[in-house]
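Novice: Here is my input, please return the structure:
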Amino acid sequence: MNVRYYFPVSVAYDSRACYEAATTKPTNHSLSLTLLHHRSLSLPFFQNPNFLTGNTMQRFCSVNGISKNRAMVERLQHFGVITSSKVAEVMETVDRALFVPSGSAPYDDSPMAIGYNATISAPHMHATCLQLLEENLQPGMRALDVGSGYLTACFALMVGPRGRAVGVEHIPELVSFAIENIQKSAAATLLKDGSLFVHVGDGREGWPEFAPYDAIHVGAAAPEIPQPLIDQLKPGGRMVIPVGNMFQDLKVVDKNSDGSISIRTETSVRYVPLTSREAQLRGY
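Specialist: Predicted coordinates for the structure are as follows:
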């Protein structure tokens, strides 16, 4: 398959460089250099040749003037990243600014460091994962998020008070950060009433207490899909997880009604690694 890659977030801090990356087909060498340079970011690459090109791409990357969460969502809709009205609604409701460090540019379509060698993914990756999981985030369903807390809040709003959303993170300080942020968000009441939980734990082990899950999202790249996460996926459930080391793919894992597993690749991505707490604190 002939795949052409685009880099809408890898150099989002420099709109001219972003334009050049979008309009130049990279060689394998330049792609490798880009990956190495951004190893600390959850950096996605787009396969869709109709996604963003030319001056339009340049304008999309120059998002410093966008100061509202709704404007960010509307821009993602305009460029075809968000096609689901439900996903647009929940991303408008959960303000991304609450989940990034103070002083950041919260509405840039870029991953951002949140400390302890962790990142929050770019908004277009959150939108992509929400859309892939939307049918498994219906009211009353159960969802597991191995991530920064932003998607945990989104999941909670989508499954509602009759459902359950569980977040898992192995750095205690990041768990505290996620809880504080959720308490300021539209999902605060769900945290208070007990339908939303955030726990300290190894994401590779999932959270078996509330399994099985209709939806599982993993916000870091595993060298292979962890078996405990497959085991905790409900028949009919779906998991979205980046898999790989230097070169990674976003995998969509569906558990069929008979318990068998179907796996497909959605797109090529670049995330921080899913690893032990110790390795993460050492910088992998």
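Novice: Within the helices and strands, which one has Glu266?
Specialist: Following DSSP states H and E, one finds Glu266 within strand 261-269.
Novice: Could you report the separation of Thr267 from Gln248?
Specialist: As for Thr267, its distance to Gln248 is 10 Å (criterion: Cβ to Cβ, to the nearest Å). Just so you know, the C-beta spots here come from the backbone N, C-alpha and C atoms, and that holds for glycine as well.
Novice: And these two? Which one has more around it.
Specialist: Gln248 (24 against 19; other Cβ atoms under 10 Å).
Novice: I'd assumed Ala221 was in contact with that one.
Specialist: Yes: Gln248 is within contact range of Ala221, at 4.7 Å (criterion: Cβ atoms under 8 Å).
Novice: Now do the shared contacts for those two.
Specialist: Listed as contacting both Gln248 and Ala221 by Cβ atoms under 8 Å, 6 or more residues apart in numbering are Pro242, Val269, Arg270, Tyr271.
Novice: tell me the phi and psi of the residue lying closest to Arg264 once chain neighbours are set aside?
Specialist: Take Arg264 and drop its neighbours on the chain: the residue closest to it by Cβ to Cβ, 6 or more residues apart in numbering is Val252, 5.2 Å away. Note on Val252: backbone dihedrals following degrees, to the nearest 10 are phi -110, psi 120.
Novice: One more: Phe210?
Specialist: The phi/psi pair for Phe210 (degrees, to the nearest 10) is phi -110, psi 10.
Novice: All the strands of the stretch 101-250 of the chain, in order from the start?
Specialist: Ranges of strands in the stretch 101-250 of the chain, per DSSP state E, counting those that start in this stretch, are 112-115, 118-120, 142-146, 164-169, 196-200, 213-218, 233-244, 248-255.
Novice: Kind regards, and thank you for your time.
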